[in-house]
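A.B. asks: sequence isn't available, so here's the structure alone:
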């Protein structure tokens with residue numbers, strides 16, 4: 001058993017499990033949105049495709065588009081790119097080179113190109129938000145085409161959902177590496193939950209700027225909402241994929257560990273009930289006793305107690321996720337002093353004959369123990385003031 005516990009501990013603290021868990025849980029912990037629906041998802045089935053994202057990004061970047069913000073969004077985007085370059089200790093983009101930018105979509109088959117026709121400078125945005133693979137010699141082809149037009153490529157930004165993917169050298173020719181080595185190829189996340197992703201480092205900042213144009217603000221909100229939806233769903237899938245790989249290595253060793261954990265987890269409620277019983281079996285006053293309920297090893301019962309002519313019952317259901325405390329007066333004839341104590345610690349009565357309160361495990365376990373101690377102590381006080389007819 002000691003060896004099994006050591007293997008379980010090793011599995012639980014492994015970096016691989018942590019990575020899978022973070023990706024999976026992040027999809028369920030997205031920030032709340034005030035939007036009840038997403039326009040892009042309603043009107044089109046194209047929202048998972050990269051073309052839609054490139055169209056939206058190009059629209060926002062282009063000072064000549066009809067969003068009415070001039071070059072504000074473009075400048076904020078350059079700020080993001082420079083922060084990302086700074087992280088990687090790459091040379092910053094000189095904003096002076098892009099005072100009058102031309103933003104193109106699919107020109108020369110490039111997803112988004114930002115051109116300075118006066119300075120002959122270019123920035124390439126290669127959009128892989130949907131995790132598509134590179135075509136043969138994709139980036140070298142772009143560079144060759146732009147250089148034939150006398151453009152100097154200052155940087156290529158490889159846009160993926162989480163910024164954790166880089167370009168493939170599939171199909172590259174001899175000499176392509178030498179041609180590309182002078183150009184920073186920078187991974188950029190769309191929804192990476194960092195200050196230098198597309199969501200937080202650009203869209204959120206742009207959306208927070210005051211503007212009278214509600215259309216532009218609505219577009220930003222809708223697109224941010226879309227990125228969160230897609231990013232969360234893809235991240236959940238990636239987390240499960242990593243988890244599957246982790247379970248099936250080394251002759252399914254980790255899967256067997258997980259099944260043992262599953263069994264232990266299912267029996268956790270019974271252990272919690274035993275611990276609770278041990279804590280209060282000698283301290284149950286004014287109730288007659290404290291023990292496990294016959295036929296239900298996950299329930300701790302304090303028996304019964306009478307206040308004058310009213311009988312009270314007190315029990316706790318113990319589960320792997322929470323404790324559920326129940327304080328009952330079966331005939332709904334509540335003594336005012338008992339009512340006051342219950343409402344003090346358990347809140348308002350939800351049913352005529354009982355008070356209920358849920359304590360999440362393990363976060364609120366100690367709160368449960370303290371509340372039980374306080375309830376019993378206060379009941380002892382009122383019990384000593386007037387003796388019931390059953391004593």
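C.D. replies: Yes, it's here. In this text the structure is predicted, and so the values were computed from the model without any measurement. Residues are numbered from 1 along each chain as shown.

A.B. asks: dump the residue contacts of residue 105.
C.D. replies: Contacts for residue 105 (C-beta atoms under 8 Å, 6 or more residues apart in numbering) come out as 54-55, 58, 111-112. Glycine gets a C-beta too; all of them are placed from N, C-alpha and C.

A.B. asks: hey, what's it bridged with?
C.D. replies: Residues in a beta bridge with residue 105, per DSSP bridges, are residue 112.

A.B. asks: for it, give its distance to residue 60.
C.D. replies: Per C-beta to C-beta, to the nearest Å, residue 105 is found 12 Å from residue 60.

A.B. asks: repeat for residue 308
C.D. replies: For residue 308, the distance to residue 60 - C-beta to C-beta - is 73 Å.

A.B. asks: between these two, point out the one with more neighbours.
C.D. replies: Neighbours were counted for residue 308 and for residue 60 using other C-beta atoms under 10 Å; residue 60 has more, 23 against 12.

A.B. asks: how near is the more buried one to residue 158?
C.D. replies: 19 Å.

A.B. asks: where do the helices sit along the chain?
C.D. replies: 2-12, 15-26, 39-43, 50-61, 72-87, 138-148, 176-180, 198, 204-208, 214-247, 253-266, 268-280, 336-346, 365-385 (DSSP state H).

A.B. asks: what does the average pLDDT come to for the third one?
C.D. replies: In this case it means helix 39-43. Model confidence over helix 39-43 averages 50 on the pLDDT scale.

A.B. asks: so where's the stretch 151-300 of the chain shaky on pLDDT?
C.D. replies: Counting by pLDDT under 70, the stretch 151-300 of the chain contains low-confidence residues at 232-240.

A.B. asks: from memory residue 298 sits against residue 322, does it?
C.D. replies: No - counting by C-beta atoms under 8 Å, residue 298 does not reach residue 322; the two are 11.7 Å apart.

A.B. asks: tell me the domain ranges of this structure?
C.D. replies: 2-247, 268-385 (automatic domain parsing).

A.B. asks: mind putting the helices of the chain into JSON lines with distance to residue 95?
C.D. replies: What follows is the helices of the chain, written out as JSON lines (distance: least, C-beta to C-beta, whole Å):
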{"stretch": "helix 2-12", "distance to residue 95": "49"}
{"stretch": "helix 15-26", "distance to residue 95": "33"}
{"stretch": "helix 39-43", "distance to residue 95": "31"}
{"stretch": "helix 50-61", "distance to residue 95": "14"}
{"stretch": "helix 72-87", "distance to residue 95": "6"}
{"stretch": "helix 138-148", "distance to residue 95": "20"}
{"stretch": "helix 176-180", "distance to residue 95": "24"}
{"stretch": "helix 198", "distance to residue 95": "19"}
{"stretch": "helix 204-208", "distance to residue 95": "16"}
{"stretch": "helix 214-247", "distance to residue 95": "22"}
{"stretch": "helix 253-266", "distance to residue 95": "51"}
{"stretch": "helix 268-280", "distance to residue 95": "58"}
{"stretch": "helix 336-346", "distance to residue 95": "62"}
{"stretch": "helix 365-385", "distance to residue 95": "55"}
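
A.B. asks: what is the mean pLDDT for stretch 309-328?
C.D. replies: 95.

A.B. asks: buried ones in it?
C.D. replies: 310, 312-318, 322-328 (16 or more other C-beta atoms under 10 Å).

A.B. asks: spatially, which two of those are the most separated?
C.D. replies: Maximum pairwise distance in the buried residues of stretch 309-328, criterion C-beta to C-beta, is 28.5 Å, between 310 and 322.

A.B. asks: picking that back up, may I see the domains of the chain organised as JSON lines, with distance to residue 259 added?
C.D. replies: Below are the domains of the chain laid out as JSON lines (distance: least, C-beta to C-beta, whole Å):
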{"stretch": "domain 2-247", "distance to residue 259": "10"}
{"stretch": "domain 268-385", "distance to residue 259": "15"}
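
A.B. asks: out of those, which gets nearest to residue 258?
C.D. replies: Of the domains of the chain, nearest to residue 258 by C-beta to C-beta is domain 2-247, at 6.4 Å.

A.B. asks: residues in contact with the nearest residue to residue 114 once chain neighbours are set aside?
C.D. replies: Residue nearest to residue 114 in three dimensions, not counting chain neighbours: residue 123, with 4.1 Å by C-beta to C-beta, 6 or more residues apart in numbering. Residues in contact with residue 123 (C-beta under 8 Å, 6+ apart) are 81, 93, 98, 113-114, 153-157.
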